[in-house]
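**Q** Here is my input, please return the structure:
(one chain, ligands or ions: 1)
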Amino acid sequence: MSDIPTITTEVFVAYSQCPRKAFLLLFAENKGTPHDYSVILGKRRQRNRDQYLEKFLQEYPEARQYDPKSFKKHTFLIEVTLSSEPLEASCSVLTKTDPEVTSRRITYEPTIVTGTYSIASDQKTELLFIGSVLGKIQKQEPTVGRIVGIDGKTHRVQLESNYKSIKQSLKILKKWCSETPTEPPTLILNKHCSSCQFQEICRKQAEKDNSLSLLARMTPKEIKKYNKRGIFTIQQLSYLFKPRRKRKKRKNPEPVKHNLALQALAIREKKIYIQELPDLNRQPVDLFLDIE
Ligand code: SF4
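**A** Numbers count the residues shown, from 1 in each chain. Predicted coordinates:
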């Protein structure tokens, strides 16, 4: 048995959300606690997939269970698990193309079934990954794939022009699998954290490190910029704050920008700072009371 970890669809989609999540899924012993929302979506997806396949088999009784040995013999293959080491992807249906329509040699196109009404970018990423693994097996990447929503609607997704966009991520993930890096990617809290299974672990780590990414409005780009200057913690950042010199009042003053260093200083000193006092527009009548 090979010791190389498998890059599954879950790992690949996780990499597009946060590289650290993909790393933890591949190598960490503690796989965190799945978020309730993800659990609900997973159950809905499973139910929708079962119902879809039941109807599909009634409509196409000739559909067969996927088997790598009988690949290319049947028009429809269901409950598919594609494997091309170290990649593994699953989809609900593979549909054989008609070479007369596509003017290409016979290939299969993947269909996935989801538990949502609208199609999210994660689901497109998932389909792209499946297309890429399928491409390795049938020696030609499928040009399109299909996503079936919870309402039964089938959405056709163009894949051909997007394979390039996932090449770099695949390359990094394969490198991880062959070299097993000891350190995970830098911890950068992001918008996906609130629904991530590693939320608690990462939050604790960020607090322990006094990480810059704990600051609201801190972006990965800003973190990189500060890291280059040797600033890695909120404590260090707080010493960068310089109060602005008072300028003459302008007719059209520039809008006040959020100051990360001041935010860090406020946290360090546990005080509230006002970056700039608001200009109050004084009127001849300041207070108006209407009493009956
Ligand atoms: S909690 Fe956030 S930083 Fe940690 S792995 Fe998940 S998405 Fe990445």
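
**Q** burial of Asp286, as a residue count?
**A** Residues near Asp286, counting by other C-beta atoms under 10 Å, number 7. Heads up, the C-betas are built off the backbone N, CA and C, glycines and all.

**Q** Assumed it was part of a strand.
**A** No: looking at Asp286 with DSSP: H, G, I helix; E, B strand; the rest coil, it is coil, so not inside a strand.

**Q** and the gap between it and the ligand?
**A** 49 Å (C-beta to the nearest ligand atom, to the nearest Å).

**Q** quick one: the strands in the stretch 1-150 of the chain?
**A** For the stretch 1-150 of the chain, the strands defined by DSSP state E, counting those that start in this stretch occupy 7-8, 64-65, 76-84, 87-96, 108-113, 144-148.

**Q** Between those strands, which one is closest to the ligand.
**A** Of all the strands of the stretch 1-150 of the chain, it is strand 7-8 that lies closest to the ligand, at 16.3 Å by C-beta to the nearest ligand atom.

**Q** by contact count, what packs against the closest one?
**A** Judged by 3 or more C-beta pairs under 8 Å, 6 or more residues apart in numbering; DSSP states H and E, strand 7-8 is in contact with strand 87-96, helix 163-179.

**Q** Looking at these, which one is packed in the most?
**A** When the helices and strands packed on strand 7-8 are scored by mean count of other C-beta atoms under 10 Å, the highest mean neighbour count falls to strand 87-96 (a mean of 22).

**Q** what about stretch 55-73, how long is it end to end?
**A** 22 Å (C-alpha to C-alpha, to the nearest Å).

**Q** Nearest to Gln283, out of the helices and strands packed on strand 7-8?
**A** helix 163-179 (55.8 Å; C-beta to C-beta).

**Q** what distance separates the closest one from the centre of its chain?
**A** Distance of helix 163-179 from its chain centroid, counting by C-alpha atoms, centre = their mean, to the nearest Å, is 15 Å.

**Q** same check, this time on stretch 46-53
**A** With C-alpha atoms, centre = their mean as the basis, stretch 46-53 stands 24 Å off its chain's centre.

**Q** And that stretch, what's buried?
**A** Using 16 or more other C-beta atoms under 10 Å as the test for burial, stretch 46-53 gives Asn48, Arg49, Tyr52, Leu53.

**Q** Among those, pick out the one closest to Lys175, please.
**A** Using C-beta to C-beta, Arg49 comes nearest to Lys175 of the buried residues of stretch 46-53, at 32.6 Å.

**Q** wait, that closest one sits on Ser92?
**A** Yes: with contact defined as C-beta atoms under 8 Å, Arg49 reaches Ser92; the gap is 5.7 Å.
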